[in-house]
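>>> Here is a sequence with its predicted model. Questions after.
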Amino acid sequence: MALTLERTQGAGKREDLADILANVDAHDTIVSSTCKKGSKPGNTLMSHVCDSYSAAVSTGTVDGVDVGASDYQDGSANRALVQNYVQIFRRSVRVSTLAQEISNIAGVGSGGELANSIAKAVVEIKRDIELSILSSNDARLDDGSDSYLTKGLATWISTSGGSVLQVPSAFRTPTGSIETTATTADITDVTVQNVLSSIFGQTGSTKNYVMPVGRTLRRAFTDRLTGTRSVTDASNQIAATQVRTFSPQKGKTVSMSVDTFDGDFGILSLANSNFLPAATDGYVLDMSGLELRYGSLPSVTKLPNAGGGEARMIEAIAALIVYNPLSHGKFDLGS
C-alpha cells in the first residue's frame, strides 16, 4: 500500500505555486458508464439463460390433418446457460500524520491529503473496472491464490467464448461478426458494413451501436472512410476515384473526424477509448444487451491506524453480464 509522507510532498507545498492541483484524466470510461446497472449478485457465480427462435419455415400445413406426435416442439430446446464470475476491485491509500495535519499542499483543499487520495482512488477504481470489462480476460475462479476475474468483452465476443465458463457453442459470436483480416491501412466502408450485416443475420434487428475504438482504429475510420481511395468494378479494374473534400465552416473550421457510421444494418457511434486490449481494436456493442451487476459500488472503509497514519480501503465488486454474444461484433485489426 502506498504511503503519502510529509517529506515526499515538497514539490507541491505552497511557495510560488498556483493554488491548483491539476489531475488530467482523458480516459473516458464509456462502457462502464453507459452499461445498465443490474441487480446485486446473489453469488460469486452469475448465471442467465440465452434462448433463440427456431428457424422460420414456409412449408405450410395440409388442410384437415391432425397434429401428430412428431409435430410438437420443445420450447426449451434452444436454451443454454451462460455464466460469469464477479471480480473484486480494490485500491488502498495511507497518509502520514504530518502530510494530513501539517502540510499545506497546493490545490488539495480543506479535506487534506487523505480526502484527495481517496477521491483519486475512486476514479482509479472506475478505470480498473473499464479496463477489465474491455479486456481479453477469461473468467477465473478464486482458488485462494489467484483472484476471481470477470470475463471481458474481448472473450465474450469471440468464436471460442473463452475456456472457463465457456459460452455455449450456439451463442458464440460468428466469424462474420469479427473482422480480423483487414488492417487499419486498408479498412473500407465495405469492411464495416460486412460486420453489421453479420450481426443483423444473427439478430434480425437494425440497431444503434456504441463502438469504443482504440486510437489507431479511430484514425483509420477518419483517414480511410473519408480519404482518397479507388473504387473497383466487377473485373477488379479501377472504375472511379473518391477524393477527400473539405467544407470549412465560415472558412475557419475543417472537419476531419468520423463520429458516426450510418450503415445498412445499423448506426455506429464511435467513442475513443484507451482501455481496449490494442489501439487497433473496436467493439460493436448493443448496450441494451450488456449489464454490470455490482455486489457493491465503490465504498471507502477505514483501516486501523497504528501510528503510521490514516489509511483507507476503496473497494467495489462487479460482474459483467452479456445477454447474448450474437448481438455484438468486434474489429481486431492489424496495423
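Received, thanks. Numbering: from 1, shown residues only.

>>> helix, strand or coil for the residue lying farthest from the centre of the chain?
Of all residues in the chain, Gly64 sits farthest from the chain's C-alpha centroid, using C-alpha atoms, centre = their mean; the distance is 54.5 Å. Judged by DSSP: H, G, I helix; E, B strand; the rest coil, the three-state class of Gly64 is coil.

>>> What pLDDT is listed against it?
pLDDT, Gly64: 88.

>>> got the contact list for stretch 81-90?
Contacts with stretch 81-90, where a contact means C-beta atoms under 8 Å, 6 or more residues apart in numbering, come from 41, 44-50, 125, 128-129, 132, 139-141, 147-151, 165, 167-168, 171, 293, 295, 298, 313-322. C-beta here means a position set from N, CA and C on the backbone, and glycine is covered the same way.

>>> Same check on stretch 196-206?
By C-beta under 8 Å, 6+ apart, stretch 196-206 touches 174, 176-177, 209, 263-266, 268, 284, 286, 326-329.

>>> And the buried ones among the contacts of stretch 81-90, selectable in ChimeraX?
Only the buried members of the contacts of stretch 81-90 enter the following ChimeraX selection, criterion being 16 or more other C-beta atoms under 10 Å:
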select :41,46,50,125,128,129,132,139,140,148,149,150,151,165,167,171,293,295,298,313,314,315,316,317,318,319,320,321,322
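
>>> Could you tell me which of the contacts of stretch 81-90 are located in helices?
Cross-referencing those with the helices (criterion: DSSP state H) gives 125, 128-129, 132 as the overlap.

>>> For the residues you listed, could you give me TSV that also reports distance to Ser76?
What follows is the ones in helices among the contacts of stretch 81-90, written out as TSV (distance: C-beta to C-beta, whole Å):
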residue	distance to Ser76
Ile125	40
Asp128	38
Ile129	34
Ser132	33
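
>>> Thr191 is in contact with Glu179, isn't it?
Yes. Counting by C-beta atoms under 8 Å, Glu179 is a contact partner of Thr191 at 5.9 Å.

>>> residue closest to the middle of this protein?
Nearest to the centroid of the C-alpha atoms of the chain, with distances taken as C-alpha atoms, centre = their mean, sits Leu134, at 3.9 Å.

>>> how far away is Ser296 from Val86?
Taking C-beta to C-beta, to the nearest Å as the measure, Ser296 falls 10 Å from Val86.

>>> thinking again about what came up before, skipping adjacent residues, who's closest to the residue nearest to the centre of the chain in space?
Distances taken as C-beta to C-beta, 6 or more residues apart in numbering place Phe275 nearest to Leu134, at 4.8 Å, with adjacent residues excluded.

>>> Tell me if Ala121 really is in a helix.
Yes. Residue assignment for Ala121, taken from three-state DSSP, places it within a helix.

>>> Please determine how far it is located from Ala318.
Remark: distance between Ala121 and Ala318 (C-beta to C-beta) = 16 Å.

>>> Ends of stretch 169-186, what's the gap?
As for stretch 169-186, its first-to-last residue distance stands at 31 Å under the measure C-alpha to C-alpha, to the nearest Å.

>>> Centre of the chain to that stretch, how far?
Its chain's C-alpha centre lies 17 Å from the corresponding centre of stretch 169-186 when counted by C-alpha atoms, centre = their mean, to the nearest Å.

>>> so where's the stretch 151-300 of the chain uncertain?
When the per-residue scores of the stretch 151-300 of the chain are filtered using pLDDT under 70, the ranges that remain are 226-257.

>>> any chance you could map the strands in it?
Using DSSP state E, counting those that start in this stretch, the strands of the stretch 151-300 of the chain run over 178-179, 207-213, 229-232, 238-242, 260-263, 266-272, 281-284, 290-303.

>>> what about burial for the contacts of stretch 196-206, which qualify?
For the contacts of stretch 196-206, burial is judged from neighbour counts taken by 16+ other C-beta under 10 Å, and it is met by 177, 209, 263, 265-266, 268, 284, 286, 326-329.

>>> Export those as JSON lines, with columns for distance to Thr59.
Supplementary listing: the buried ones among the contacts of stretch 196-206 in JSON lines, determined by distance: C-beta to C-beta, whole Å:
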{"residue": "Ser177", "distance to Thr59": "30"}
{"residue": "Tyr209", "distance to Thr59": "35"}
{"residue": "Gly263", "distance to Thr59": "34"}
{"residue": "Phe265", "distance to Thr59": "28"}
{"residue": "Gly266", "distance to Thr59": "32"}
{"residue": "Leu268", "distance to Thr59": "38"}
{"residue": "Val284", "distance to Thr59": "35"}
{"residue": "Asp286", "distance to Thr59": "32"}
{"residue": "Leu326", "distance to Thr59": "26"}
{"residue": "Ser327", "distance to Thr59": "29"}
{"residue": "His328", "distance to Thr59": "33"}
{"residue": "Gly329", "distance to Thr59": "33"}
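
>>> Brilliant, that's me finished.
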